[in-house]
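A.B. asks: Structure for the following, please:
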Amino acid sequence: MSRPLSKKVLFLLVYLVSFLYSFHYALPLYIDSSFVAQFLPTEAAVGIVFSVAALFSAIITFLYPRILRRWGNYRTAVTTMGLEVVVLIALAVFSKIFPNPVAIIAIFVFHQILVNSIYLNLDTFVESFSEDSKTGGIRGIFMTILSIAVAVAPFMAGLMLTDHDFWKIYLASAVFMAIGTLIIAKNFRSQNETPCIVPTFKETLRLIAGSHDLHSIIFMHFLLAFFFAWMIIYTPIYLNKHMGIAMNDILSIITPIALLPFIFFEVFLGKLADTKLGEKEILTVGFILMAVSTAGLSLITTSSVAVWAAALFVTRTGASAVEVMTESYFYKQVGPCDIHIVTFMRMIRSTAYMVGPLIGSLVLYFAGDDYRYLFLALGVIMLTALPYSFTIKDTR
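C.D. replies: Numbers count the residues shown, from 1 in each chain. As a prediction, the model looks like this:
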């Protein structure tokens, strides 16, 4: 029997796999909507596809505590990661050789579900090794690692993309996921997993509803996911189809610059929350910055790559603060056996990815496909976080 790995080594391996996961996820992230649009009759239908994927992801997330109790995080992780490799290869092959719209959309939805499930596995690994007093720093490092991959991968995708040959990107994504799968399969088999009692959904809902701090931070997490859903789906289409910016410029210049705040600020802000400020003040400033800067995008009329990169950088500066603070604050409220609360929060995240595109489609319908109203509406929606960020009990 192999000797159990130390906590330090486990953290390093989880961080490495998290990077590979995030890189695999981010390679196609900003071409997903354009890829799907090829097989649909109208652009408005893109949001519906993402909403369907989010609905199924929410259902799987709801069932996840019971899945983990029965199969354990190790077996579940290896299975979902292995399936993701197969699905990505299928997406590449079908889109290149057998471009059947029904099959491709179905495979794409399955891919979206698996991406969400794998994140839950990695999240569970990180939480099982964490200490509350260091949660902000640990979560800051975890989110920064994910963010580095998310910032670098689109640049690589831009170099690979020549003439909307998206299949190359999905195939490359499969390679990174396969490496991560092998690392988990080889090194985590012997790790002990604490058996936990999983309360019913009704009991979980009662617990969350009864805690102002818990339901407040979960709502703010929902708003952040809502923001990401709109920006990821609609911004590339708007910049490419309506502002006339080349997809290569969007992927290799605008997106990497826009995502730099997640690399620059999250570790620092996580440690600042642990040692000095707490999360409350940073959350509030982050949401205000997100709201104002996102609404301001509706005023930009130039197709300048530099202007859009700078503007989106500001929106993500606010989002990076909100992201690390919601993660830090939430995980200071829960422990390793609170998987039912963790998966509830992630289910709410999936719900945001379901509701967001539907509302986005409605906004576009009533706005006559004027994407500027999307940004204005999103900015206003972000302001609804303020009554909650002002009233949570700070951790410092």
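A.B. asks: Please count neighbours and contacts with C-alpha atoms only from this point.
C.D. replies: OK.
A.B. asks: hang on, isn't Ala321 packed against Phe268?
C.D. replies: No. Counting by Cα atoms under 8 Å, Phe268 is not a contact partner of Ala321; they are 9.9 Å apart.
A.B. asks: Show me which of the two is the more surrounded one.
C.D. replies: Neighbours were tallied for Ala321 and for Phe268 using other Cα atoms under 10 Å; the higher tally belongs to Ala321 (26 against 16).
A.B. asks: Tell me, please, where in this protein the pLDDT is lower than the cut-off.
C.D. replies: Within the chain, the set of residues satisfying pLDDT under 70 comprises 1-5, 43-44, 129-136, 163-164, 190-198, 336, 396.
A.B. asks: quick check: longest helix of it.
C.D. replies: Scanning the chain for the longest helix, with DSSP state H as the assignment, gives helix 44-96.
A.B. asks: Look up how far Val152 lies from the closest residue in space to Thr144 that isn't next to it in sequence.
C.D. replies: Counting by Cα to Cα, 6 or more residues apart in numbering, Ile263 is the residue found nearest to Thr144 once chain neighbours are left out, at 5.1 Å. With the distance defined as Cα to Cα, to the nearest Å, Ile263 ends up 11 Å from Val152.
A.B. asks: Repeat that for Pro236.
C.D. replies: In this view, Pro236 and Val152 are 17 Å apart by Cα to Cα.
A.B. asks: So between these two, which is more surrounded?
C.D. replies: With neighbours defined as other Cα under 10 Å, Pro236 and Val152 compare such that Pro236 has more, 24 against 20.
A.B. asks: SS state for the nearest residue to that one once chain neighbours are set aside?
C.D. replies: Take Pro236 and drop its neighbours on the chain: the residue closest to it by Cα to Cα, 6+ apart is Tyr30, 6.5 Å away. Using DSSP: H, G, I helix; E, B strand; the rest coil, the structure places Tyr30 in coil.
A.B. asks: I'd like to know how many residues surround Tyr30.
C.D. replies: Burial of Tyr30, expressed as a neighbour count using other Cα under 10 Å, amounts to 26.
A.B. asks: Use 31 as the first number for this chain going forward.
C.D. replies: Yep, numbering from 31; the last one is Tyr60 now.
A.B. asks: tell me the contacts of it?
C.D. replies: Applying Cα atoms under 8 Å, 6 or more residues apart in numbering, we find Tyr60 in contact with Pro184, Ile262, Ile263, Pro266, Leu281.
A.B. asks: Which positions in the helix or strand containing the residue nearest to Thr174 come out as buried?
C.D. replies: Ile293 is part of helix 290-294 when elements are defined by DSSP states H and E. Judged by neighbour count using 16 or more other Cα atoms under 10 Å, the buried positions of helix 290-294 are Leu290, Pro291, Phe292, Ile293.
A.B. asks: before we move on, back to that, got the phi/psi numbers for the residue nearest to Pro266?
C.D. replies: Listed backbone geometry of Tyr60 is phi -90, psi 0, with angles given as degrees, to the nearest 10.
A.B. asks: coming back round to it: would you pull up how far the helix holding Ile293 lies from the middle of the chain?
C.D. replies: In terms of Cα atoms, centre = their mean, to the nearest Å, the centre of helix 290-294 is set 15 Å apart from its chain centre.
A.B. asks: do stretch 329-345 as well
C.D. replies: Stretch 329-345 has its C-alpha centroid displaced from the chain centroid by 22 Å (Cα atoms, centre = their mean).
A.B. asks: List the buried residues for it?
C.D. replies: Judged by neighbour count using 16+ other Cα under 10 Å, the buried positions of stretch 329-345 are Val335, Trp338, Ala339, Ala341, Leu342, Phe343, Val344, Thr345.
A.B. asks: How about the contacts made by the fourth one?
C.D. replies: Taking Cα under 8 Å, 6+ apart as the criterion, Ala341 is in contact with Ala288, Ser323, Leu327.
A.B. asks: In the stretch 131-280 of the chain, mark out all the helices, start to finish.
C.D. replies: Along the stretch 131-280 of the chain, the stretches classed as helices by DSSP state H, counting those that start in this stretch are 131-158, 165-190, 197-217, 231-239, 242-267, 277-279.
A.B. asks: between the fourth one and helix 74-126, how big is the angle?
C.D. replies: What that stands for is helix 231-239. Orientation note: helix 231-239 sits at an angle of 120 degrees relative to helix 74-126 (axes from the mean of the first three to the mean of the last three Cα atoms, to 10 degrees).
A.B. asks: who's in contact with helix 231-239?
C.D. replies: Contact partners of helix 231-239, identified using Cα under 8 Å, 6+ apart, comprise Leu244, His245, His370, Ile371.
A.B. asks: For the second one, which residues are in contact?
C.D. replies: For His245, the set of contacting residues under the criterion of Cα under 8 Å, 6+ apart consists of Ile238, Ala239.
A.B. asks: Quickly find the element holding the closest residue in space to Ser323 that isn't next to it in sequence.
C.D. replies: Nearest residue to Ser323 in three dimensions, chain neighbours excluded: Thr345, at 5.4 Å (Cα to Cα, 6+ apart). Mapping Thr345 onto the secondary structure by DSSP H and E places it in helix 335-363.
A.B. asks: what's the offset of that helix from the middle of its chain?
C.D. replies: Per Cα atoms, centre = their mean, the centroid offset for helix 335-363 relative to its chain is 12 Å.
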